[in-house]
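> Build me a model:
(one chain, ligands or ions: 1)
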Amino acid sequence: MKGLHRIAARCCALLLGLVAAQGALAQATAVPLDVLHWWTSASERKAADQLASHLAQAGVQWKDAAIPGGGGMAAVKVLKSRVLMGDPPDVAQLIGTTLTDWADVGLVLPLNAVAQRQRWSQQLFPTVLELVTYKGDVVAAPLGVHRINTLLYNRKLFARWGLVPPRSWAEFELVARQLQAKGVRALAWSDEAWQIATVFETLLLGDAGAPLYRELMVQRKGSAWLDPRVERALQRLRWLRALATEAPVERVWADSARELLAEGAGMMIMGDWAKGELMAWGASPVRDFGCVVVPGTEHTHLYSVDTLAMLVSPRAREAVQEKMAEVVTALPAQLAYNRLKGSVPVRHDVDPSSLDPCARDSWETFARSRSARVPSLAHRMAADEAIKDAVAQVLWRYLTDARMEPGEAQRRLAAVIRAPGAER
Ligand code: GAL
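Just a heads-up that it's a prediction; the model follows:
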């Protein structure tokens with residue numbers, strides 16, 4: 001009898017504990033989480049709204065603090081000033097090295113408990129888990145994997161003129177000349193520094209190959225930047241720009257995607273968020289546009305992983321922040337969000353046949369053990385904000401000043417690249 005009482009008492013205590021924990025979560029979830037991010041294009045907006053609606057079903061309210069600006073140039077600055085003013089958001093789109101920078105100063109809430117409960121070590125791709133792990137702590141909730149080495153083309157134009165999606169630079173040149181002969185711009189283009197850097201790193205990967213790319217971007221060996229393969233990529237960058245446009249043009253990436261869809265341009269090199277954007281406007285990756293990898297980068301995945309970090313704040317939101325991390329990484333939100341965003345889920349347990357053809361190739365390449373997965377510098381996966389900006393500035397100067405020889409650009413790049421550990 002005594003034993004029974006003891007068991008009943010323990011059950012009661014457990015139940016009360018559970019009710020109390022749920023009560024605390026319910027109280028916490030009544031207050032929305034302030035989320036700072038840079039997703040403002042049509043597809044980015046839809047994808048963020050999709051996350052918000054999954055979260056709402058779990059009782060977590062998303063208060064939007066979107067800062068426009070492709071590649072997050074403005075958002076990163078606003079975040080800095082909010083933190084300095086003592087008003088950090090509860091959640092921020094911190095990615096790659098910016099994440100570890102903020103974790104270093106103790107601003108990021110560790111998510112080890114959620115990661116353990118949700119078995120992230122078994123569910124997520126190792127590259128992704130590694131990226132969000134810093135000094136033994138899991139410091140962000142990963143959302144999706146973008147592929148940077150993506151070449152989009154307008155299927156209707158290609159079909160009309162019997163063009164074949166290029167697999168090599170020779171084929172690319174042939175297609176480009178044919179498009180030009182028909183009065184269509186070969187390649188949609190923008191001179192925004194981060195977009196130039198995005199195109200350049202895909203060329204570099206193609207010309208240098210994954211091992212040298214890693215020496216350049218990950219180990220950041222200054223001397224490796226003087227390699228002739230870097231020179232080739234720089235020459236190719238200039239050649240591509242000349243094919244694309246004569247006049248300087250700085251425009252947001254979504255405008256280039258618009259030009260591609262409107263048959264004003266035949267091809268576009270951009271991270272696959274551009275695919276998400278085309279789909280947000282109703283275009284289909286089977287009927288209207290297609291994607292192949294940038295020539296020379298087959299079996300390689302140049303990635304940028306979007307992540308949300310939970311920031312430490314005096315408002316004590318840990319319970320609801322953990323709930324957010326749990327919901328956004330769970331399979332239903334992962335599938336729905338990534339379909340809209342153009343990226344692919346960060347998880348293993350996805351049926352690739354449910355993905356569109358571009359996403360399927362991206363996900364399968366990322367998942368395959370023998371593929372080379374290499375981090376994007378232009379999107380903060382390989383080096384900090386200062387190095388990324390300095391590299392983008394050199395490339396911008398090189399492209400806008402025709403007198404600068406590739407050798408000079410190489411020397412400047414070697415000078416701005418600092419090896420890990422020598423960053424501060
Ligand atoms: C990247 C980000 C993507 C997309 C893109 C364009 O840095 O990972 O999610 O937003 O910028 O703004």
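
> switch to C-alpha atoms for all contacts and neighbour counts from now on
OK.

> Need the three-state assignment for the closest residue to the ligand within the stretch 201-350 of the chain.
Taking Cα to the nearest ligand atom, the ligand has its nearest neighbour within the stretch 201-350 of the chain at Asp306, 5.1 Å off. Here Asp306 is strand, with the state taken from DSSP: H, G, I helix; E, B strand; the rest coil.

> Would you work out how far apart the start and end of stretch 146-158 are?
Criterion Cα to Cα, to the nearest Å; first-to-last residue distance in stretch 146-158 is 25 Å.

> Quick check: residues of the stretch 201-350 of the chain near the ligand?
For the stretch 201-350 of the chain, the residues in contact with the ligand (Cα under 6 Å from any ligand atom) are Trp273, Ser304, Asp306.

> Go again with 8 Å.
Residues of the stretch 201-350 of the chain lying close to the ligand (Cα under 8 Å from any ligand atom) are Trp253, Gly271, Trp273, Ser304, Val305, Asp306, Lys341.

> Next, the buried residues of stretch 364-377.
By 16 or more other Cα atoms under 10 Å, the buried positions in stretch 364-377 come out as Glu364, Thr365, Phe366, Ala367, Ala372, Arg373, Val374, Pro375, Ser376, Leu377.

> For that stretch, which outside residues touch it?
125, 148, 201, 210, 213-214, 217-218, 299-304, 348, 352, 381-383, 388 (Cα atoms under 8 Å, 6 or more residues apart in numbering).

> Could you do stretch 231-244 as well?
176, 185-189, 199-200, 203-204, 207-208, 399, 406-407, 410.

> if we can go back for a sec, just among the residues of the stretch 201-350 of the chain next to the ligand, which is most surrounded?
Lys341 (29 neighbours; other Cα atoms under 10 Å).

> quick check, whichever helix or strand Val76 is part of touching the ligand?
Applying DSSP states H and E as the criterion places Val76 in helix 73-84. No - if you take Cα under 8 Å from any ligand atom as the test, helix 73-84 misses the ligand, and the best it gets is 8.8 Å.

> Which residues does the next helix-or-strand element following that helix contact?
Proceeding N to C from helix 73-84, the next assigned helix or strand is strand 91-92, under DSSP H and E. Contacts to strand 91-92, defined as Cα under 8 Å, 6+ apart, come from residues Leu33, Asp34, Val35, Leu36, His37, Leu79, Leu308, Ala309, Met310, Leu311, Gln321.

> And the strands in this structure, which stretches?
With DSSP state E applied, the chain shows strands at 33-37, 62-66, 91-92, 133-134, 137-138, 141-147, 150-154, 185-187, 265-269, 289-293, 300-310, 372-375, listed in chain order.

> Using a markdown table, lay out those strands together with distance to Arg160.
Below are the strands of the chain laid out as a markdown table (distance: least, Cα to Cα, whole Å):
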| stretch | distance to Arg160 |
| --- | --- |
| strand 33-37 | 40 |
| strand 62-66 | 40 |
| strand 91-92 | 45 |
| strand 133-134 | 49 |
| strand 137-138 | 50 |
| strand 141-147 | 28 |
| strand 150-154 | 10 |
| strand 185-187 | 15 |
| strand 265-269 | 12 |
| strand 289-293 | 13 |
| strand 300-310 | 30 |
| strand 372-375 | 35 |
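
> With respect to Met279, which of the ones you listed lies nearest?
strand 289-293 (9.5 Å; Cα to Cα).

> Strand partners (parallel or antiparallel) of that closest one?
Using DSSP bridges, the strands paired with strand 289-293 are strand 150-154 (antiparallel).

> can you dump the C-alpha coordinates of the strand it pairs with into CSV?
The C-alpha trace of strand 150-154 is given here as CSV (Å, rounded to 0.1, in the frame of the first residue of the first chain):
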residue,chain,number,x,y,z
THR,A,150,24.0,27.5,-59.5
LEU,A,151,23.5,28.5,-63.1
LEU,A,152,19.9,29.2,-64.0
TYR,A,153,18.6,29.4,-67.6
ASN,A,154,15.4,30.4,-69.3
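
> what angle separates it from strand 300-310?
Between strand 150-154 and strand 300-310, the angle comes out at 100 degrees (axes from the mean of the first three to the mean of the last three Cα atoms, to 10 degrees).

> How about residues contacting strand 150-154?
By Cα under 8 Å, 6+ apart, the list of residues contacting strand 150-154 reads 165, 260-261, 263, 265-272, 275, 288-294.

> How about Glu44, nearest residue that isn't a chain neighbour?
Nearest non-adjacent residue to Glu44, counting by Cα to Cα, 6 or more residues apart in numbering: Lys341, 5.9 Å away.

> Correct me if wrong: that neighbour contacts Ala47.
Yes - contact criterion Cα atoms under 8 Å: Lys341 and Ala47 qualify, at 5.4 Å.
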